[in-house]
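A.B. asks: would you be able to build a 3D model of this:
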Amino acid sequence: MSTSSYDFSTELAATTAKLSSAAKHEEGKETSIWWSVFDYIQVTLTIAGFLANILTLVTLVKSARRFSRLIKILLQHQSLVDACVCACATALILQPSMWLPGNAFGDHFVCYIWHGQAAYWGLVTLSTYNLVLIALERYLAICRPFAHTRCSDYSRKKLATYGAWLYVFCLFLTHGTYIQTRLTDGQCKSEYAFDGKWTKLYFTSFVIFTYITTYLIPALTMALLYSLVAHQLRKRKENTELGKSKTIDRATDQLTKTAVTVTIIFILSVGYDLHFYLLGYNHVIEYTFGSPEQKVGVFLSNLNSVANPLVYALLMPIYRKCVVETICPRRAKSEDADQASKSTSLRDLSNSVSNIA
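C.D. replies: Reported below is the predicted structural model:
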């Protein structure tokens with residue numbers, strides 16, 4: 001009796017263990033399916049963002065006369081960098097895990113620059129500081145017009161030099177990302193490139209440095225500049241002598257609102273992952289690559305680059321018109337011809353009325 005009871009309880013325990021293991025397997029399978037769907041949605045958005053940013057770049061190049069020189073250059077550069085961010089994000093999601101090309105130079109480059117995500121975060125940082133420059137341009141255009149005019153007269157060589165320094169600056173800000181992976185025995189591993197106590201201390205300091213330079217300083221700078229811009233625009237509306245014309249003021253308002261909206265999206269999207277990054281490396285919370293929190297954070301960082309063309313289209317009528325001219329040049333020409341004929345007819349009518357009078 002006792003033996004059969006023992007056999008039954010043993011068999012029951014074994015069955016329970018099997019069922020528990022099967023349940024965990026099914027749960028893991030369901031989770032994997034959900035993350036596959038999430039990756040599919042993310043890839044779809046990043047590809048759409050890449051195409052939209054390329055369309056924006058082409059539109060801004062073809063319709064350069066519609067914008068002032070400085071803002072045109074900055075918006076074109078923003079579209080180019082955001083397109084590269086979307087392309088990098090798409091490739092990082094679709095690539096085989098830790099793949100290598102199979103030669104010495106390629107393996108080192110891909111492992112430390114690509115798999116360590118130095119290229120990706122370098123582009124995100126470049127996009128961030130380009131937004132800071134757009135905020136500075138808006139401040140100069142509205143609050144310091146004479147300084148804005150002097151900057152607009154800079155030669156292409158001088159502007160190219162400043163642009164090169166911006167790239168060097170962003171490479172410096174992301175220096176720690178180049179040693180987040182290690183190449184050993186022909187395999188790229190998600191380990192620090194160097195061992196030792198100083199490595200842990202270095203990365204803790206680097207994470208704090210990254211949070212301050214990549215998020216906190218840009219966010220506070222943009223908030224300050226746009227606060228000054230909003231104050232000046234309010235003064236201009238109250239005093240008509242400070243304004244130039246209704247058309248120019250309307251265009252300025254639209255462009256400034258667009259820049260402010262893009263900045264708000266940056267603060268909400270990029271800030272999520274950097275906050276988790278900061279707290280995780282300071283052992284406040286657990287932050288691991290590939291975790292749900294980290295995947296959502298990277299998704300939001302990508303969304304920052306995807307959303308910009310949509311914001312331009314929603315808030316800038318002149319941008320929408322330029323896009324129509326880029327996609328359907330014949331339709332745009334016919335609309336311009338109709339508008340010109342209407343204005344001519346109105347002018348002739350007014351002349352006839354004046355002659356009769």
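
A.B. asks: show me where the protein has strands.
C.D. replies: Secondary structure of the chain, counting by DSSP state E: strands at 182-184, 187-189.

A.B. asks: neighbours of Tyr226, how many?
C.D. replies: When counting by other C-beta atoms under 10 Å, one arrives at 19 neighbours for Tyr226. In short, each C-beta sits where N, CA and C put it, glycine included.

A.B. asks: quick check: nearest residue in space to it, chain neighbours excluded?
C.D. replies: What sits nearest to Tyr226 in space, not counting adjacent residues and going by C-beta to C-beta, 6 or more residues apart in numbering, is Val260, at 5.3 Å.

A.B. asks: now Asn130: how far from Leu136?
C.D. replies: Going from Asn130 to Leu136 by C-beta to C-beta, to the nearest Å gives 10 Å.

A.B. asks: can you list the low-confidence ranges for the stretch 201-350 of the chain?
C.D. replies: In the predicted model, the stretch 201-350 of the chain carries pLDDT under 70 at residues 238-251, 281-294, 330-350.

A.B. asks: ok, the residue nearest to Tyr226 touching Ser227?
C.D. replies: No. Counting by C-beta atoms under 8 Å, Val260 sits too far from Ser227 to count as a contact (10.1 Å).

A.B. asks: ok now do Ala89, which residues does it touch?
C.D. replies: By C-beta atoms under 8 Å, 6 or more residues apart in numbering, the contact list for Ala89 reads Gln42, Thr46, Tyr120, Val298, Asn302, Ser305.

A.B. asks: picking up where we left off before, pick out whichever of Asn130 and Leu136 has more residues nearby.
C.D. replies: With neighbours defined as other C-beta under 10 Å, Asn130 and Leu136 compare such that Asn130 has more, 21 against 18.

A.B. asks: okay if I get the strands of the chain as a markdown table plus mean pLDDT, mean neighbour count and distance to Lys235?
C.D. replies: Listed next are the strands of the chain as a markdown table, based on pLDDT from 0 to 100; neighbours: other C-beta atoms under 10 Å; distance: least, C-beta to C-beta, whole Å:
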| stretch | mean pLDDT | mean neighbour count | distance to Lys235 |
| --- | --- | --- | --- |
| strand 182-184 | 86 | 16 | 57 |
| strand 187-189 | 85 | 15 | 57 |
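
A.B. asks: ok, Phe169 - contacts?
C.D. replies: Going by C-beta under 8 Å, 6+ apart, Phe169 touches Tyr129.

A.B. asks: likewise Gly102?
C.D. replies: Going by C-beta under 8 Å, 6+ apart, Gly102 touches no other residue.

A.B. asks: show the pLDDT at it.
C.D. replies: The model reports Gly102 with a pLDDT of 83.

A.B. asks: distance of it from Thr214?
C.D. replies: 34 Å.

A.B. asks: got any ranges where the stretch 1-150 of the chain has weak pLDDT?
C.D. replies: Residues of the stretch 1-150 of the chain meeting the criterion pLDDT under 70: 1-32.

A.B. asks: one more time with 50
C.D. replies: By pLDDT under 50, the low-scoring segments of the stretch 1-150 of the chain are 1-6, 8-9, 11-13, 15-20, 22-30.

A.B. asks: on that earlier part again, would you list the strands of the chain in a markdown table and tack on distance to Trp198?
C.D. replies: Converted to a markdown table, these look like this (distance: least, C-beta to C-beta, whole Å):
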| stretch | distance to Trp198 |
| --- | --- |
| strand 182-184 | 16 |
| strand 187-189 | 20 |
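
A.B. asks: what sits against Gly124?
C.D. replies: For the record, residue 124 is Val, not Gly. Val124 touches Val85, Thr214, Val270, Ser301, Asn304, Ser305, counting by C-beta under 8 Å, 6+ apart.

A.B. asks: correct me, but the third one touches Leu303?
C.D. replies: Spelled out, that is Val270. No. In this structure, Val270 is not within contact of Leu303 by C-beta under 8 Å, at 9.3 Å.

A.B. asks: more neighbours: which of those two?
C.D. replies: Val270 (26 against 19).

A.B. asks: list the contacts for the more buried one?
C.D. replies: Contacts of Val270 were listed using C-beta under 8 Å, 6+ apart, and they are Val124, Thr128, Thr214, Tyr215, Leu300, Ser301, Asn304.

A.B. asks: which of these fall in helices?
C.D. replies: Using DSSP state H, the subset of the contacts of Val270 located in helices is Val124, Thr128, Leu300, Ser301, Asn304.

A.B. asks: count of residues packed around the second one?
C.D. replies: Yep, that's Thr128 we're talking about. Neighbours of Thr128 (other C-beta under 10 Å): 22.
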